[in-house]
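Chemist: Give me the fold of what follows.
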Amino acid sequence: ERDSAVTDLRDRERKIEVSRQNVLRLLGEASSLRNQLAQIDEYLASMERDAQRSRREEETASSDLTRLEQVKEELSVKLSARQLEIETLADRRRRVEEEMRERQQQAVATRQRLDQSRADLSRHRARKDSLEEILSHRAYTTESVKRLFTAIEHGQVQDFKPTGVLADFVEVTDPAWEKACETFLHEELEYVVVDQWAQAERGVEIMKAESDGRATFLIHPEASAKWPDAPGISAEPGIVGRLDETLRLTNGFSAAPHGVIPRLSRCFLVNDKNEAQRLATLYPDCYFLLPDGVSYHGHAVSGGRKSSGGPLALKRELRELSGQVETRERETEALTSELEAAEQRRAQRQRRQCQQAGGQADDVTVIGIDLRNLLRQRVHGGGGQCGEHQRQDQARHTDIDEQRLPNGDGAKQRKADRFLALQRT
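Modeler: Next up is the predicted model:
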């Protein structure tokens, strides 16, 4: 009976111990539940604060959306106005481009004219320089006269300074008789003009010193010198003029009497050879010149053909070329100025066009950026703060779930997904 009582006592002690342990366990669970309830209450209070803050933010976002809608309408009006301006500018640009194409065609034509003018000017200058070279070196004279002036230019002749040749002092006033005058006066035009008799004698000595060749030296007459008058037969039938009326003496010979050159003062112009023959027989001391260069003198007739142009033709051509060169130079300068002005106008027009187009494009770009910002704010701005709190709550729940997982693979995957989601937003 005592053993059974002991056994019963032990069972009761064991049950008491188990009950005590259960009570301790239940007390721990109750304490844990109280802690959880406190946490839940705190979490609920936080959620209530977040909800109130979210409602305030929602109201603010609604007012912001209203304001953004107004701004969007204003920007839309500005964009429409800018688009209209761009269309207007495009029409102006097309007109300006057409005008520029026309100006470019004009510039090409002007440049072609300028090139042609420059080519003509270069050709005329080359011919002018050639004529000046021929006249300055008297290449049209005989070899003896050319050698004389060449020696003078090289300083090989002392105490002899001629003024020039007679051709330097003669010009033809009537081009129709130019060739006839050169043919008739081919010897006289090569006379070497000097100032005094001593100079003429010195010239003769120089010519004698040479191996061969002859030259005629003409002493420059005084203005007061007297010369016999030519016969007054200008009224004879068949005579159309006098040779000294067709020629003009220049420089120092302008005041000299024409009688200084007998063949010049006694030569009459005739158009018909029969009349020339008749007059030559009647007036054997005079000369009668035909337009082709044939001359009659008494019972003699002279004529032929020169192989090249004489000094009178060369001087006339030089005068004409000088005028043409001056004209071409003025034309070239005018065309160059016109082309430069056209290029400057074209460059200025292009700069203005680029500036206007750039300004319009910048305005449109700014408006487009503003519209994109408005759309982004409309999508994300209104609920931005609420969305941020939602993402924070989601992150907290995700962290709790990650702590409950046995490993970190799922946590890493979810962190990557969350990062991608944040990047997309």
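
Chemist: how about the strands in the stretch 1-150 of the chain?
Modeler: Secondary structure of the stretch 1-150 of the chain (DSSP state E, counting those that start in this stretch): no strands present.

Chemist: where does this protein dip in pLDDT?
Modeler: Applying pLDDT under 70 to the chain picks out residues 130-140, 211, 222-230, 252-259, 306-309, 312, 353-425.

Chemist: and the spatially most central residue of it, what is it in contact with?
Modeler: The residue lying closest to the centre of the chain (Cα atoms, centre = their mean) is residue 343, at 5.2 Å. Residue 343 makes contact with residue 107, according to Cβ atoms under 8 Å, 6 or more residues apart in numbering. For every residue, glycine as well, the C-beta is placed using N, CA and C.

Chemist: report the longest helix in the protein, please.
Modeler: helix 2-137 (DSSP state H).

Chemist: which other helices and strands contact that one?
Modeler: helix 143-153, helix 311-376, helix 384-404 (3 or more Cβ pairs under 8 Å, 6 or more residues apart in numbering; DSSP states H and E).

Chemist: neighbours around residue 186, how many?
Modeler: Residue 186 has 17 neighbours, counted by other Cβ atoms under 10 Å.

Chemist: count of residues packed around the closest residue to it other than its chain neighbours?
Modeler: The shortest distance from residue 186 to any non-neighbouring residue, by Cβ to Cβ, 6 or more residues apart in numbering, is to residue 310 (6.8 Å). By other Cβ under 10 Å, 19 other residues sit near residue 310.

Chemist: quick one: contacts for residue 310?
Modeler: Residue 310 neighbours (Cβ under 8 Å, 6+ apart): 140, 167, 182-183, 186, 189.

Chemist: Any chance you could list what contacts stretch 280-289?
Modeler: 177, 180-181, 184, 230-231, 233, 239, 243, 263, 266-270, 275-276, 279, 295-299.

Chemist: By neighbour count, sort out the buried ones in these.
Modeler: Buried by 16 or more other Cβ atoms under 10 Å: 177, 180-181, 184, 230, 239, 243, 263, 266-270, 275-276, 279, 295-297, out of the contacts of stretch 280-289.

Chemist: Residue 267 contacts residue 180, correct?
Modeler: No - at 9.8 Å, residue 267 does not count as touching residue 180 under the criterion of Cβ atoms under 8 Å.

Chemist: would you turn the contacts of residue 310 into a markdown table with distance to residue 220 and secondary structure?
Modeler: Output for these, formatted as a markdown table (distance: Cβ to Cβ, whole Å; DSSP: H, G, I helix; E, B strand; the rest coil):
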| residue | distance to residue 220 | secondary structure |
| --- | --- | --- |
| 140 | 21 | coil |
| 167 | 15 | helix |
| 182 | 22 | helix |
| 183 | 25 | helix |
| 186 | 21 | coil |
| 189 | 16 | helix |
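
Chemist: got those residues as CSV, with distance to residue 286 columns?
Modeler: Shown next, in CSV, are the contacts of residue 310 (distance: Cβ to Cβ, whole Å):
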residue, distance to residue 286
140, 28
167, 23
182, 20
183, 17
186, 19
189, 20
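
Chemist: buried stuff in stretch 105-125?
Modeler: 107, 110, 114, 117, 120-121, 124.

Chemist: What number of neighbouring residues does residue 141 come out with?
Modeler: Neighbours of residue 141 (other Cβ under 10 Å): 19.

Chemist: ok, now residue 85?
Modeler: 15.

Chemist: Repeat that for residue 61.
Modeler: Residue 61 has 20 nearby residues by other Cβ under 10 Å.

Chemist: again with residue 339
Modeler: Neighbours of residue 339 (other Cβ under 10 Å): 16.

Chemist: if you look at the contacts of stretch 280-289, which of them are in strands?
Modeler: In strands, defined here by DSSP state E, the members of the contacts of stretch 280-289 are 239, 267-270, 295-297.

Chemist: any chance of the residues you listed in CSV, plus distance to residue 47?
Modeler: Converted to CSV, the ones in strands among the contacts of stretch 280-289 look like this (distance: Cβ to Cβ, whole Å):
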residue, distance to residue 47
239, 139
267, 136
268, 138
269, 133
270, 137
295, 137
296, 142
297, 143
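
Chemist: Nearest to residue 337 among the residues you listed?
Modeler: Relative to residue 337, the closest of the ones in strands among the contacts of stretch 280-289 is residue 269; by Cβ to Cβ it sits at 48.3 Å.

Chemist: and the gap between that closest one and residue 111?
Modeler: According to Cβ to Cβ, to the nearest Å, residue 269 and residue 111 sit 50 Å apart.

Chemist: Also residue 174?
Modeler: In terms of Cβ to Cβ, residue 174 sits 42 Å off from residue 111.

Chemist: Same question for residue 3.
Modeler: 140 Å.

Chemist: Repeat that for residue 155.
Modeler: 49 Å.

Chemist: same question, residue 274
Modeler: 60 Å.

Chemist: ditto for residue 194
Modeler: Going from residue 194 to residue 111 by Cβ to Cβ gives 54 Å.

Chemist: Would you tell me which one of the buried residues of stretch 105-125 comes nearest to residue 62?
Modeler: Of the buried residues of stretch 105-125, the one sitting nearest to residue 62 (Cβ to Cβ) turns out to be residue 107, at 63.7 Å.

Chemist: wait, doesn't the closest one sit right on residue 342?
Modeler: Yes - in this structure residue 107 lies within contact range of residue 342 using Cβ under 8 Å: 5.1 Å.

Chemist: Now for the two: what residues contact both?
Modeler: Joint contacts of residue 107 and residue 342 (Cβ under 8 Å, 6+ apart) do not exist.

Chemist: neighbours around residue 209, how many?
Modeler: Residue 209 has 8 neighbours, counted by other Cβ under 10 Å.

Chemist: List the contacts of it.
Modeler: Neighbours of residue 209 in contact, by Cβ under 8 Å, 6+ apart: none.

Chemist: Pull up the gap between it and residue 142, please.
Modeler: Taken as Cβ to Cβ, the span from residue 209 to residue 142 is 17 Å.
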